[in-house]
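Undergrad: Generate coordinates for the sequence data below:
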Amino acid sequence: MRAKLSPTVLIRFTLVILLFVGLAGCVLSLQPLYGDRDLVFEPALLGTWKPADDPVSWQCTQSGERAYRIVYTDEKGRRGEFSAHLMAIDGKRFLDLFPLPPPEPLNSFYTDHWIAGHTFARVVTVGKTLELAVLDQEWLKRFLREAPRAIRHEVVGDDIVLTAPTKELQRFLLAHLDTAGAFRPTLSLRRAS
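TA: Residues are numbered from 1 along each chain as shown. As a prediction, the model looks like this:
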């Protein structure tokens, strides 16, 4: 029988786990950026995408009516799978990524401790190229030092983990789309033939 944890203890425990997961450079959120009404499906995202002169790839397939499955393969052939959702918020498109558990069986003690976070990116263009811009972790740190109540968050180690609910996340991102330095283009991909 598992012990029940209070929401506060669970959030603190989650944040400690996220610290060890160490997704450096990505801003993690405990909540998704989308609600069901925000979801859209863009067939142009389907296919395999690669950066120029880099062996990594992003293979995007449809997973359900308005969802995607993205398999990221790094330069050593290691794969990571994500559930992805494309959303439109006030006419701006964002992609929310959520890691899927590894396909090989893991022991129950480990899986009881595994808590994933959402990462998201603004979809700048999709067509022959796919350009994504992510919220800049360093900008966010500086901004929240000056305005710590701007969005609910926790500082875990040297990283920011957003704890705000979906609507608050959406308002914050939309408010800073044109803020200098808030978003940085980090990924420019070309469709693989």
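Undergrad: I'd like to know how far the one residue sitting closest to the centre of the chain sits from residue 132.
TA: By Cα atoms, centre = their mean, the mean C-alpha position of the chain lies nearest to residue 119, the distance being 1.2 Å. From residue 119 across to residue 132, the span is 11 Å (Cβ to Cβ, to the nearest Å). The way it works is simple: take the backbone N, C-alpha and C, and place the C-beta from them, glycine included.
Undergrad: Check residue 100 too.
TA: Plainly put, residue 100 is 19 Å away from residue 132 if you go by Cβ to Cβ.
Undergrad: more neighbours, the two?
TA: Neighbours were counted for residue 100 and for residue 132 using other Cβ atoms under 10 Å; residue 132 has more, 22 against 14.
Undergrad: quick one: contacts for that one?
TA: Going by Cβ atoms under 8 Å, 6 or more residues apart in numbering, residue 132 touches 95, 121-124, 185-187, 189.
Undergrad: Over to it: give its phi and psi.
TA: The phi and psi values for residue 132, taken as degrees, to the nearest 10, are phi -120, psi 140.
Undergrad: Likewise for residue 167?
TA: With angles defined as degrees, to the nearest 10, residue 167 sits at phi -60, psi -40.
Undergrad: Now it: closest residue in space that isn't a chain neighbour?
TA: residue 35 (7.8 Å; Cβ to Cβ, 6 or more residues apart in numbering).
Undergrad: What is the neighbour count of that neighbour?
TA: Using other Cβ under 10 Å, residue 35 is surrounded by 13 other residues.
Undergrad: From the contact counts, what lies against the helix or strand harbouring residue 120?
TA: Secondary structure assignment for residue 120, by DSSP states H and E: strand 119-126. Using 3 or more Cβ pairs under 8 Å, 6 or more residues apart in numbering; DSSP states H and E as the contact definition, the elements that strand 119-126 packs against are strand 28-29, strand 92-99, strand 129-135, strand 183-191.
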